[in-house]
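Asker: Give me the fold of what follows.
(one chain, ligands or ions: 1)
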Amino acid sequence: MSRFVTVGAAQMGPIQRSDTRPEVVERLLALLHSGADAGCDLVVFPELALTTFFPRWWVDDLSEADHFYETEMPGPETRPLFDKAKQLGVGFHLGYAELTPDGHRYNTAILVERDGTIVGRYRKVHLPGHEDHEPWRAFQHLERYYFEPGDGFAVHGAFGGVVGMAICNDRRWPETYRVLGLQGCELALIGYNTPIHYAPDPDQDRLQGFHNRLVLQSGAYQNGMWVVGVAKAGEEEGCALLGESAIIGPSGEVHATCTTEGDELAVARVDLDLCADYKETLFDFERYRRPEVYGAITGQRGPLVPEGIREGRAGESEASNDTGEEYL
Ligand code: ING
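Answerer: Below you'll find the model as predicted:
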(Lines give C-alpha, C1' and ligand atoms only; values in the text may rest on other atoms or scores of the structure.)
Protein backbone atom coordinates (compact mmCIF):
# COMPACT_ATOMS: atom_id res chain seq x y z
CA MET A 1 0.00 0.00 0.00
CA SER A 2 1.50 3.36 -1.01
CA ARG A 3 2.73 5.70 1.67
CA PHE A 4 1.23 9.09 0.83
CA VAL A 5 2.12 12.35 2.60
CA THR A 6 0.34 15.50 1.49
CA VAL A 7 2.92 18.26 1.64
CA GLY A 8 2.43 22.03 1.44
CA ALA A 9 5.30 24.26 0.34
CA ALA A 10 4.44 27.35 2.40
CA GLN A 11 6.27 30.11 0.62
CA MET A 12 6.44 33.43 2.45
CA GLY A 13 6.55 36.88 0.98
CA PRO A 14 9.04 39.37 2.42
CA ILE A 15 9.48 40.02 6.14
CA GLN A 16 10.52 43.59 6.77
CA ARG A 17 12.82 44.62 9.58
CA SER A 18 9.94 46.33 11.39
CA ASP A 19 7.64 43.28 11.24
CA THR A 20 7.17 41.86 14.75
CA ARG A 21 7.30 38.16 15.69
CA PRO A 22 3.56 38.10 16.49
CA GLU A 23 2.79 39.61 13.06
CA VAL A 24 4.97 37.01 11.35
CA VAL A 25 3.56 34.13 13.42
CA GLU A 26 0.06 35.23 12.37
CA ARG A 27 1.12 34.76 8.73
CA LEU A 28 2.58 31.34 9.52
CA LEU A 29 -0.62 30.31 11.31
CA ALA A 30 -2.66 31.39 8.29
CA LEU A 31 -0.49 29.23 6.02
CA LEU A 32 -0.78 26.33 8.48
CA HIS A 33 -4.58 26.68 8.37
CA SER A 34 -4.51 26.79 4.56
CA GLY A 35 -2.45 23.62 4.65
CA ALA A 36 -4.93 21.89 6.94
CA ASP A 37 -7.80 23.00 4.68
CA ALA A 38 -5.91 21.51 1.71
CA GLY A 39 -5.46 18.19 3.54
CA CYS A 40 -1.75 18.63 4.27
CA ASP A 41 0.04 16.34 6.70
CA LEU A 42 3.14 18.57 6.59
CA VAL A 43 3.61 22.30 5.91
CA VAL A 44 7.12 23.43 5.00
CA PHE A 45 8.15 27.01 5.90
CA PRO A 46 11.30 28.74 4.55
CA GLU A 47 14.72 29.48 5.98
CA LEU A 48 14.76 32.24 8.65
CA ALA A 49 10.97 32.28 8.54
CA LEU A 50 10.56 34.43 11.67
CA THR A 51 12.64 37.44 10.66
CA THR A 52 13.89 39.45 7.76
CA PHE A 53 17.13 38.14 6.25
CA PHE A 54 19.24 40.15 8.69
CA PRO A 55 22.68 38.93 7.44
CA ARG A 56 22.23 41.61 4.75
CA TRP A 57 23.40 44.14 7.37
CA TRP A 58 26.67 44.58 9.30
CA VAL A 59 26.64 45.27 13.01
CA ASP A 60 29.83 46.05 14.92
CA ASP A 61 28.81 43.92 17.86
CA LEU A 62 26.98 40.61 17.31
CA SER A 63 24.86 41.24 20.40
CA GLU A 64 23.16 44.07 18.48
CA ALA A 65 21.56 41.30 16.38
CA ASP A 66 20.45 39.14 19.33
CA HIS A 67 16.80 40.09 18.84
CA PHE A 68 16.79 38.27 15.49
CA TYR A 69 17.59 34.95 17.21
CA GLU A 70 15.38 32.50 19.10
CA THR A 71 16.76 31.46 22.49
CA GLU A 72 14.13 28.78 22.98
CA MET A 73 11.98 26.73 20.60
CA PRO A 74 9.12 26.83 21.10
CA GLY A 75 9.25 30.13 22.89
CA PRO A 76 6.31 32.28 24.00
CA GLU A 77 5.92 33.84 20.55
CA THR A 78 6.25 30.60 18.59
CA ARG A 79 4.26 28.35 20.95
CA PRO A 80 1.00 29.21 19.08
CA LEU A 81 2.43 27.46 15.99
CA PHE A 82 3.01 24.23 17.92
CA ASP A 83 -0.38 24.38 19.62
CA LYS A 84 -2.18 24.98 16.32
CA ALA A 85 -0.21 22.21 14.61
CA LYS A 86 -1.30 19.74 17.29
CA GLN A 87 -4.90 20.98 17.17
CA LEU A 88 -5.04 20.64 13.36
CA GLY A 89 -2.96 17.44 13.21
CA VAL A 90 -0.56 19.08 10.74
CA GLY A 91 3.22 18.91 11.13
CA PHE A 92 5.60 21.62 9.97
CA HIS A 93 9.20 22.51 9.12
CA LEU A 94 10.45 25.90 10.31
CA GLY A 95 13.68 27.76 9.65
CA TYR A 96 14.94 30.30 12.20
CA ALA A 97 18.07 31.85 13.72
CA GLU A 98 19.10 29.92 16.86
CA LEU A 99 21.08 31.33 19.80
CA THR A 100 21.99 28.53 22.21
CA PRO A 101 22.23 29.00 26.00
CA ASP A 102 26.05 28.72 25.72
CA GLY A 103 26.19 31.45 23.08
CA HIS A 104 26.44 29.53 19.81
CA ARG A 105 24.58 30.91 16.79
CA TYR A 106 23.16 28.72 14.03
CA ASN A 107 20.96 29.01 10.95
CA THR A 108 18.58 26.27 12.07
CA ALA A 109 15.53 24.32 10.90
CA ILE A 110 13.27 21.99 12.84
CA LEU A 111 10.84 19.24 11.89
CA VAL A 112 7.66 19.08 13.99
CA GLU A 113 5.33 16.07 13.81
CA ARG A 114 1.53 16.24 13.77
CA ASP A 115 1.37 15.92 17.54
CA GLY A 116 3.41 19.13 17.92
CA THR A 117 6.66 17.45 18.99
CA ILE A 118 10.05 18.36 17.53
CA VAL A 119 11.41 15.19 15.86
CA GLY A 120 14.43 16.71 14.14
CA ARG A 121 16.73 19.72 14.17
CA TYR A 122 19.29 20.73 11.53
CA ARG A 123 21.92 23.46 11.57
CA LYS A 124 23.06 24.80 8.20
CA VAL A 125 26.35 23.31 7.01
CA HIS A 126 27.23 25.43 3.95
CA LEU A 127 27.44 29.10 4.99
CA PRO A 128 27.77 31.34 1.91
CA GLY A 129 28.87 34.93 1.63
CA HIS A 130 31.62 36.62 3.64
CA GLU A 131 32.83 37.11 7.22
CA ASP A 132 33.70 40.82 7.28
CA HIS A 133 31.96 44.06 6.36
CA GLU A 134 32.27 44.67 2.62
CA PRO A 135 30.88 48.18 2.05
CA TRP A 136 31.29 47.88 -1.73
CA ARG A 137 28.27 45.59 -1.84
CA ALA A 138 24.73 46.93 -2.34
CA PHE A 139 23.86 44.69 0.63
CA GLN A 140 25.91 42.29 2.75
CA HIS A 141 25.67 38.50 2.89
CA LEU A 142 27.18 37.90 6.32
CA GLU A 143 26.00 34.39 7.21
CA ARG A 144 29.63 33.51 8.02
CA TYR A 145 29.64 36.33 10.58
CA TYR A 146 26.25 35.62 12.15
CA PHE A 147 26.28 31.81 12.20
CA GLU A 148 28.53 28.87 12.93
CA PRO A 149 28.28 25.87 10.60
CA GLY A 150 26.29 22.83 11.67
CA ASP A 151 27.86 19.38 11.92
CA GLY A 152 26.07 17.31 9.30
CA PHE A 153 22.98 16.02 7.56
CA ALA A 154 20.71 13.54 9.33
CA VAL A 155 17.44 11.79 8.53
CA HIS A 156 14.42 11.27 10.75
CA GLY A 157 11.64 8.70 10.76
CA ALA A 158 8.57 10.91 10.41
CA PHE A 159 5.34 11.23 8.41
CA GLY A 160 5.61 7.55 7.50
CA GLY A 161 8.97 7.91 5.76
CA VAL A 162 12.60 8.99 5.95
CA VAL A 163 12.82 12.79 6.12
CA GLY A 164 15.92 14.99 5.87
CA MET A 165 16.60 18.71 6.05
CA ALA A 166 18.99 21.16 4.44
CA ILE A 167 19.01 24.96 4.21
CA CYS A 168 19.39 27.28 1.22
CA ASN A 169 23.02 27.26 0.06
CA ASP A 170 23.21 23.57 1.06
CA ARG A 171 20.95 22.87 -1.94
CA ARG A 172 23.64 24.00 -4.37
CA TRP A 173 26.10 21.30 -3.26
CA PRO A 174 25.63 17.74 -4.60
CA GLU A 175 27.10 16.34 -1.38
CA THR A 176 24.04 17.56 0.51
CA TYR A 177 21.68 15.32 -1.42
CA ARG A 178 24.09 12.40 -1.61
CA VAL A 179 24.78 12.36 2.14
CA LEU A 180 21.01 12.43 2.74
CA GLY A 181 20.45 9.89 -0.05
CA LEU A 182 23.01 7.48 1.40
CA GLN A 183 20.96 7.58 4.61
CA GLY A 184 17.86 6.57 2.66
CA CYS A 185 16.24 9.98 2.60
CA GLU A 186 12.89 9.95 0.77
CA LEU A 187 11.80 13.55 1.44
CA ALA A 188 14.27 16.45 1.73
CA LEU A 189 12.95 19.76 3.08
CA ILE A 190 14.95 22.86 2.07
CA GLY A 191 14.00 26.43 2.94
CA TYR A 192 15.81 29.29 1.22
CA ASN A 193 16.27 33.07 1.17
CA THR A 194 18.01 33.75 -2.14
CA PRO A 195 18.80 37.31 -3.17
CA ILE A 196 18.47 37.73 -6.93
CA HIS A 197 21.59 39.92 -7.03
CA TYR A 198 24.85 37.99 -6.54
CA ALA A 199 27.54 40.64 -6.07
CA PRO A 200 30.63 38.48 -6.82
CA ASP A 201 29.23 37.63 -10.29
CA PRO A 202 26.17 39.72 -11.34
CA ASP A 203 25.77 37.67 -14.53
CA GLN A 204 24.32 34.98 -12.26
CA ASP A 205 21.40 37.26 -11.31
CA ARG A 206 19.45 36.35 -14.46
CA LEU A 207 20.07 32.65 -13.73
CA GLN A 208 18.82 32.47 -10.13
CA GLY A 209 15.56 30.76 -11.02
CA PHE A 210 17.27 28.35 -13.41
CA HIS A 211 20.00 27.45 -10.89
CA ASN A 212 17.43 26.94 -8.16
CA ARG A 213 15.44 24.51 -10.30
CA LEU A 214 18.59 22.84 -11.61
CA VAL A 215 19.92 21.91 -8.19
CA LEU A 216 16.58 20.90 -6.66
CA GLN A 217 15.66 18.71 -9.63
CA SER A 218 19.08 17.09 -10.06
CA GLY A 219 19.40 16.44 -6.32
CA ALA A 220 16.00 14.78 -6.30
CA TYR A 221 16.62 12.63 -9.39
CA GLN A 222 20.19 11.55 -8.61
CA ASN A 223 19.16 10.31 -5.17
CA GLY A 224 15.65 9.08 -5.83
CA MET A 225 14.06 11.43 -3.34
CA TRP A 226 11.35 14.06 -3.12
CA VAL A 227 12.73 17.59 -2.62
CA VAL A 228 10.66 20.50 -1.29
CA GLY A 229 12.28 23.90 -1.87
CA VAL A 230 10.51 26.77 -0.09
CA ALA A 231 11.36 30.45 -0.49
CA LYS A 232 11.02 33.58 1.50
CA ALA A 233 10.39 35.75 -1.57
CA GLY A 234 9.77 39.28 -2.72
CA GLU A 235 11.42 42.57 -1.80
CA GLU A 236 12.82 42.68 1.74
CA GLU A 237 14.27 46.08 2.70
CA GLY A 238 15.00 46.85 -0.94
CA CYS A 239 16.56 43.43 -1.64
CA ALA A 240 14.76 41.21 -4.16
CA LEU A 241 14.50 37.55 -3.10
CA LEU A 242 13.77 34.63 -5.44
CA GLY A 243 10.40 32.87 -5.16
CA GLU A 244 9.65 29.80 -7.28
CA SER A 245 9.09 27.41 -4.38
CA ALA A 246 8.55 23.90 -5.71
CA ILE A 247 7.89 20.28 -4.85
CA ILE A 248 10.05 17.95 -6.94
CA GLY A 249 9.54 14.20 -7.32
CA PRO A 250 12.23 11.46 -7.47
CA SER A 251 11.97 11.55 -11.28
CA GLY A 252 13.12 15.19 -11.13
CA GLU A 253 9.72 16.40 -12.32
CA VAL A 254 8.04 19.41 -10.75
CA HIS A 255 4.81 18.36 -8.98
CA ALA A 256 3.81 21.76 -7.58
CA THR A 257 5.15 25.30 -7.68
CA CYS A 258 4.37 28.76 -6.38
CA THR A 259 3.66 31.45 -8.97
CA THR A 260 3.67 34.60 -6.83
CA GLU A 261 6.24 36.29 -4.61
CA GLY A 262 3.98 36.41 -1.59
CA ASP A 263 2.60 34.06 1.06
CA GLU A 264 1.44 31.13 -1.03
CA LEU A 265 0.87 27.42 -0.50
CA ALA A 266 1.73 24.89 -3.22
CA VAL A 267 0.48 21.39 -2.42
CA ALA A 268 1.43 17.96 -3.73
CA ARG A 269 0.38 14.45 -2.75
CA VAL A 270 3.76 12.88 -2.15
CA ASP A 271 3.95 9.15 -2.80
CA LEU A 272 7.04 8.08 -0.86
CA ASP A 273 7.02 4.69 -2.58
CA LEU A 274 7.89 6.40 -5.88
CA CYS A 275 11.42 6.75 -4.47
CA ALA A 276 11.94 3.01 -4.91
CA ASP A 277 11.43 3.42 -8.68
CA TYR A 278 14.85 5.12 -8.66
CA LYS A 279 16.56 3.91 -5.48
CA GLU A 280 16.04 0.27 -6.53
CA THR A 281 16.91 0.68 -10.22
CA LEU A 282 19.12 3.37 -11.77
CA PHE A 283 20.37 4.67 -8.41
CA ASP A 284 20.75 1.40 -6.56
CA PHE A 285 23.76 2.71 -4.62
CA GLU A 286 24.78 -0.71 -3.30
CA ARG A 287 24.89 -2.22 -6.78
CA TYR A 288 26.15 0.62 -8.97
CA ARG A 289 28.02 3.22 -6.91
CA ARG A 290 31.79 2.73 -6.70
CA PRO A 291 33.12 4.59 -3.65
CA GLU A 292 36.30 2.51 -3.84
CA VAL A 293 37.02 4.40 -7.08
CA TYR A 294 36.26 7.90 -5.83
CA GLY A 295 36.19 7.46 -2.09
CA ALA A 296 39.80 8.56 -1.55
CA ILE A 297 39.21 11.92 -3.22
CA THR A 298 35.82 12.90 -1.88
CA GLY A 299 37.34 13.96 1.44
CA GLN A 300 39.35 16.55 -0.50
CA ARG A 301 38.52 20.16 0.42
CA GLY A 302 39.82 22.08 -2.58
CA PRO A 303 40.18 21.09 -6.24
CA LEU A 304 43.07 18.75 -7.09
CA VAL A 305 44.70 20.21 -10.19
CA PRO A 306 47.37 17.80 -11.50
CA GLU A 307 50.76 19.38 -12.20
CA GLY A 308 51.03 21.17 -15.53
CA ILE A 309 47.38 20.85 -16.52
CA ARG A 310 46.59 24.56 -16.13
CA GLU A 311 49.70 25.54 -18.07
CA GLY A 312 48.50 23.37 -20.94
CA ARG A 313 51.41 20.95 -20.64
CA ALA A 314 50.10 17.43 -21.04
CA GLY A 315 52.88 16.41 -18.67
CA GLU A 316 52.98 13.26 -16.66
CA SER A 317 50.27 13.55 -14.07
CA GLU A 318 49.42 10.74 -11.73
CA ALA A 319 45.76 11.66 -12.13
CA SER A 320 45.88 10.89 -15.82
CA ASN A 321 44.58 7.48 -16.84
CA ASP A 322 46.47 7.66 -20.13
CA THR A 323 47.86 4.15 -20.50
CA GLY A 324 49.79 5.19 -23.60
CA GLU A 325 47.94 2.54 -25.58
CA GLU A 326 46.69 3.59 -29.02
CA TYR A 327 42.92 3.49 -29.25
CA LEU A 328 41.89 1.87 -32.52
N1 ING B 1 21.34 32.38 0.14
C2 ING B 1 21.89 32.23 -1.13
C3 ING B 1 21.77 30.83 -1.70
O4 ING B 1 22.70 30.02 -1.68
C5 ING B 1 23.48 32.91 -2.72
C6 ING B 1 23.27 32.76 -1.25
C7 ING B 1 22.69 33.80 -3.44
C8 ING B 1 24.41 32.13 -3.35
C9 ING B 1 22.88 33.92 -4.83
C10 ING B 1 24.61 32.22 -4.75
C11 ING B 1 23.84 33.12 -5.47
O12 ING B 1 20.71 30.58 -2.26
C13 ING B 1 21.51 31.65 1.28
N14 ING B 1 20.83 32.09 2.35
O15 ING B 1 22.24 30.69 1.33
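
Asker: can you list the residues of the stretch 151-300 of the chain near the ligand?
Answerer: For the stretch 151-300 of the chain, the residues in contact with the ligand (Cβ under 6 Å from any ligand atom) are 168, 169, 172, 192, 193, 194, 195, 198, 204. In this view, the C-beta of every residue, glycine as well, is placed from N, C-alpha and C.

Asker: Which of the three states applies to the second one?
Answerer: Assigned by DSSP: H, G, I helix; E, B strand; the rest coil, the conformation of residue 169 is helix.

Asker: How much space separates it from residue 37?
Answerer: Residue 169 is 33 Å from residue 37, where distance means Cβ to Cβ, to the nearest Å.

Asker: These two: who's more crowded?
Answerer: Neighbour tally, residue 169 and residue 37, criterion other Cβ atoms under 10 Å: the higher count belongs to residue 169, 21 against 12.

Asker: Surely that one is in contact with residue 144?
Answerer: No - Residue 169 is beyond contact range of residue 144, at 10.6 Å (criterion: Cβ atoms under 8 Å).

Asker: Could I have the PyMOL command that selects the buried members from the residues of the stretch 151-300 of the chain next to the ligand?
Answerer: Selection of the buried residues among these in PyMOL, burial being defined by 16 or more other Cβ atoms under 10 Å:
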select buried, resi 168+169+172+192+193+194+195+198
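
Asker: Among the residues of the stretch 151-300 of the chain next to the ligand, give me the pair with the biggest separation.
Answerer: Using Cβ to Cβ, the two most remote members of these are 193 and 204, lying 16.1 Å apart.

Asker: Verify the stated contact: residue 177 with residue 217.
Answerer: No - the criterion here is Cβ under 8 Å, and residue 177 misses it with residue 217 at 10.7 Å.

Asker: For residue 243, list the residues it contacts.
Answerer: 11, 231, 233, 234, 258, 260, 261 (Cβ atoms under 8 Å, 6 or more residues apart in numbering).

Asker: redo that, cut-off 7 Å
Answerer: With Cβ atoms under 7 Å, 6 or more residues apart in numbering as the criterion, the residues that contact residue 243 are 11, 231, 233, 258, 260, 261.

Asker: Leaving out the residues flanking it, which one is nearest to residue 128?
Answerer: Nearest non-adjacent residue to residue 128, counting by Cβ to Cβ, 6 or more residues apart in numbering: residue 169, 4.2 Å away.

Asker: Correction: the previous question concerned residue 226.
Answerer: Counting by Cβ to Cβ, 6+ apart, residue 187 is the residue found nearest to residue 226 once chain neighbours are left out, at 4.6 Å.

Asker: Check the secondary structure at the residue of the stretch 1-150 of the chain found nearest the ligand for me.
Answerer: Across the stretch 1-150 of the chain, the shortest distance to the ligand (Cβ to the nearest ligand atom) belongs to residue 128, at 4.2 Å. What three-state DSSP gives for residue 128 is coil.

Asker: Can you tell me how far it is from residue 195?
Answerer: From residue 128 across to residue 195, the span is 10 Å (Cβ to Cβ).

Asker: The residue of the stretch 1-150 of the chain closest to the ligand reaches residue 146, doesn't it?
Answerer: No - checked against Cβ atoms under 7 Å, the pair residue 128 and residue 146 is beyond contact range at 11.9 Å.

Asker: which of these two has more neighbours?
Answerer: Neighbour tally, residue 128 and residue 146, criterion other Cβ under 10 Å: the higher count belongs to residue 146, 23 against 16.

Asker: Need the per-residue pLDDT for the more buried one.
Answerer: Listed pLDDT for residue 146 reads 98.

Asker: Over to it: give its phi and psi.
Answerer: For residue 146, the backbone dihedrals are phi -90, psi -20 (criterion: degrees, to the nearest 10).

Asker: my guess is it meets residue 99, correct?
Answerer: No - judged on Cβ under 7 Å, residue 146 makes no contact with residue 99 at a distance of 10.2 Å.

Asker: anything in contact with each of the two?
Answerer: Counting by Cβ under 7 Å, 6+ apart, the shared contacts of residue 146 and residue 99 are residue 105.

Asker: sorry, back to before: higher neighbour count, residue 177 and residue 217?
Answerer: Neighbour totals were compared for residue 177 and residue 217, and residue 177 leads with 27 against 19 (other Cβ under 10 Å).

Asker: Helix, strand, or coil at that one?
Answerer: State at residue 177, reduced to three classes by three-state DSSP: helix.

Asker: Can you read off the pLDDT for it?
Answerer: Confidence for residue 177, expressed as pLDDT, is 98.

Asker: residues touching it, list them.
Answerer: Applying Cβ under 7 Å, 6+ apart, we find residue 177 in contact with 188, 219, 222, 223.
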